[in-house]
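Enquirer: have a look; sequence and predicted model below, questions after that.
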Amino acid sequence: MTEERRPGLKPEILAELARESGATEQQINEIISLVGFDRSSILREARLLKKSK
């Protein structure tokens, strides 16, 4: 399975967002495609996603 990376998004940042929010890196990528690169929006959506499961 190939993982699609956004240009300019370093793998370390993706991993940090996933670790901080409790979401997977794939979920973070999906959230970024929806809300863009705003860190607080990404974390908010990731936490809501995790909480709903």
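Expert: Sure, I can see it.
Enquirer: for the rest of this, base every contact and every neighbour count on C-alpha atoms.
Expert: Will do.
Enquirer: now K10: phi and psi?
Expert: phi -70, psi 140 (degrees, to the nearest 10).
Enquirer: which residues touch it?
Expert: Contacts for K10 (Cα atoms under 8 Å, 6 or more residues apart in numbering) come out as none.
Enquirer: now do it, the pLDDT please.
Expert: With respect to pLDDT, K10 scores 88.
Enquirer: same thing with A15?
Expert: pLDDT at A15 comes out at 96.
Enquirer: tell me which element R44 is part of?
Expert: helix 39-52 (DSSP states H and E).
Enquirer: can you tell me the closest non-neighbouring residue to the residue positioned nearest the centre of the chain?
Expert: By Cα atoms, centre = their mean, the mean C-alpha position of the chain lies nearest to I28, the distance being 1.7 Å. In this structure, I28 finds its nearest non-sequential neighbour in A18, 6.4 Å apart by Cα to Cα, 6 or more residues apart in numbering.
Enquirer: what bits of the protein have low per-residue confidence?
Expert: Along the chain, segments meeting pLDDT under 70 span 1-8.
Enquirer: ok, then the element right after whichever strand or helix holds the residue nearest to I28?
Expert: Element membership of A18 [criterion: DSSP H and E] is helix 11-21. Beyond helix 11-21 on the C-terminal side, the first helix or strand identified by DSSP H and E is helix 25-35.
Enquirer: for that next one, buried residues please.
Expert: Buried residues in helix 25-35, counting neighbours by 16 or more other Cα atoms under 10 Å, are found at E25, Q27, I28, N29, I31, I32.
Enquirer: for the residue nearest to the first one when sequence neighbours are not counted, give me its contacts.
Expert: Right, E25. Excluding the flanking residues, the one nearest E25 by Cα to Cα, 6+ apart is A18, at 5.4 Å. Residues near A18 by Cα under 8 Å, 6+ apart: T24, E25, I28.
Enquirer: distance of the last one relative to P11?
Expert: Between I28 and P11 the distance, using Cα to Cα, to the nearest Å, works out to 11 Å.
Enquirer: count of neighbours near I42?
Expert: 24 (other Cα atoms under 10 Å).
Enquirer: and for E45?
Expert: E45 - counted by other Cα under 10 Å - has 19 other residues nearby.
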